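Asker: Quick check, what structure comes out for this input:
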Amino acid sequence: MEITLRAGTPADAEECGRICFEAFGAIAAKHNFPSTFPTREMGVGLATRLLNNPGFYSVVAEAEGSVLGSNFMDERSIVAGVGPITVDPTVQDKGVGHLLMNDALRRCEERRTAGVRLLQVAYHNRSIALYTRLGFKVRDLVACLQGPPQVGEVPGHTVREARPGDLEGCNAVCHSVHGHDRSRELSDAISQNTALIVEHAGRVTGYSAELAYYAHSVAQSNEDMKALILSGRQFGGAGILIPTSNFELFNWCLSRGLRVVQLMTLMTVGLYNEPQGCYFPSVLY
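Answerer: A predicted model of the protein is given here:
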């Protein structure tokens, strides 16, 4: 089978979305976990959004005119976030995934991207072996939590919707935690009215692009992050992603009735600064 790679286009959304739905569903069913994409429409919807977003790179693998799989990469900051990478279940274990990942890493090398990150589903042994062979290092074990919206207050901390004028303060928080900002992602979230900020002692001390699977959050302290969680927002997608290394916050979430949906492995290549504060990654990084 001769496999070729090409750039993805909006016309690929239907087929890439179908493969995303079937690939995630197949591996989840093997391990008795719920699929990240329980319906075909969700897979197609995600592929449509990514293929139409200029901040994302996409690559499609095909053979004899048929799409075999795809890979996406968020390029909106100095660190790239890889995923979702999916291969049609009928052609898995034939090197398609390896080709798609090598293409993403090649692009990062050409663009001199500072670092690359991804979150790997912990029960998928083959993928962690693939990513390790490609040079990715394990950095943290992340729990995906889901449950009812949390409502409450943290004394001295105020949460409100983010506005464009908050970008500078939010970027400063992100830089203090990670060593770089994620300004383009946050700008997108503000324009979509999903972003929140928390203020303490008269200044921005944290923000969330959205309390959701596909969005990141950063804060200077666990109290700041608790205030964001207690904002009453529904957790989007599969849930929020919390590093288990943050025992105090992880345990606090469990004590409030949030449940673990699945565990994921944060893996990186290149630039990685040990976070100096509280953070939730998106499913990309």
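Asker: Over to the residue nearest to residue 45 when sequence neighbours are not counted. Which of the three states is it?
Answerer: With sequence-adjacent residues excluded and distances taken as C-beta to C-beta, 6 or more residues apart in numbering, residue 45 is closest to residue 17, at 7.0 Å. No exception for glycine: its C-beta is placed from N, CA and C like everyone else's. Assigned state for residue 17: helix (three-state reduction, DSSP: H, G, I helix; E, B strand; the rest coil).
Asker: oh, and call the first residue 44 from now on, that's how I've got it
Answerer: With 44 as the first residue, the last one maps to residue 60.
Asker: who are the neighbours in contact with residue 60?
Answerer: Applying C-beta atoms under 8 Å, 6 or more residues apart in numbering to residue 60 gives the contacts 83, 86, 87, 88, 89, 90, 91.
Asker: same thing but 7 Å
Answerer: Counting by C-beta atoms under 7 Å, 6 or more residues apart in numbering, residue 60 touches 83, 86, 87, 89, 90.
Asker: Please determine how far it is located from residue 82.
Answerer: Distance of residue 60 to residue 82, given as C-beta to C-beta, to the nearest Å: 10 Å.
Asker: Mind jotting down where the helices sit in this protein?
Answerer: 56-73, 83-94, 139-154, 168-176, 210-221, 226-234, 265-272, 290-298 (DSSP state H).
Asker: I'd like to know the average pLDDT value across the third one.
Answerer: Averaged across helix 139-154, the pLDDT comes to 96.
Asker: what's the average pLDDT for the longest strand seen in the chain?
Answerer: Secondary structure of the chain per DSSP state E: the longest strand is strand 302-313. The predicted model assigns strand 302-313 a mean pLDDT of 96.
Asker: Can you get me the start-to-end distance on stretch 267-283?
Answerer: The distance separating the two terminal residues of stretch 267-283, taken as C-alpha to C-alpha, to the nearest Å, comes to 16 Å.
Asker: Distance from it to the middle of the chain?
Answerer: Centroid displacement of stretch 267-283 relative to its chain, using C-alpha atoms, centre = their mean, to the nearest Å, is 15 Å.
Asker: Which elements pack onto the helix or strand of the chain with the lowest mean pLDDT?
Answerer: Ranked by mean pLDDT, DSSP states H and E, the helix or strand of the chain with the weakest confidence is helix 168-176, at a mean of 92. The elements that helix 168-176 packs onto, with contact taken as 3 or more C-beta pairs under 7 Å, 6 or more residues apart in numbering; DSSP states H and E, are helix 139-154, strand 158-164.
Asker: Now with 10 Å, please.
Answerer: Helices and strands touching helix 168-176, by 3 or more C-beta pairs under 10 Å, 6 or more residues apart in numbering; DSSP states H and E, are helix 139-154, strand 158-164, strand 180-189, strand 302-313.
Asker: And those: which comes nearest residue 129?
Answerer: Put simply, out of the helices and strands packed on helix 168-176 the one that sits nearest residue 129 is helix 139-154, at 8.5 Å, with distance taken as C-beta to C-beta.
Asker: Name the residues of that closest one that come out as buried.
Answerer: Across helix 139-154, burial judged by 16 or more other C-beta atoms under 10 Å covers 139, 140, 142, 143, 144, 146, 147, 148, 150, 151.
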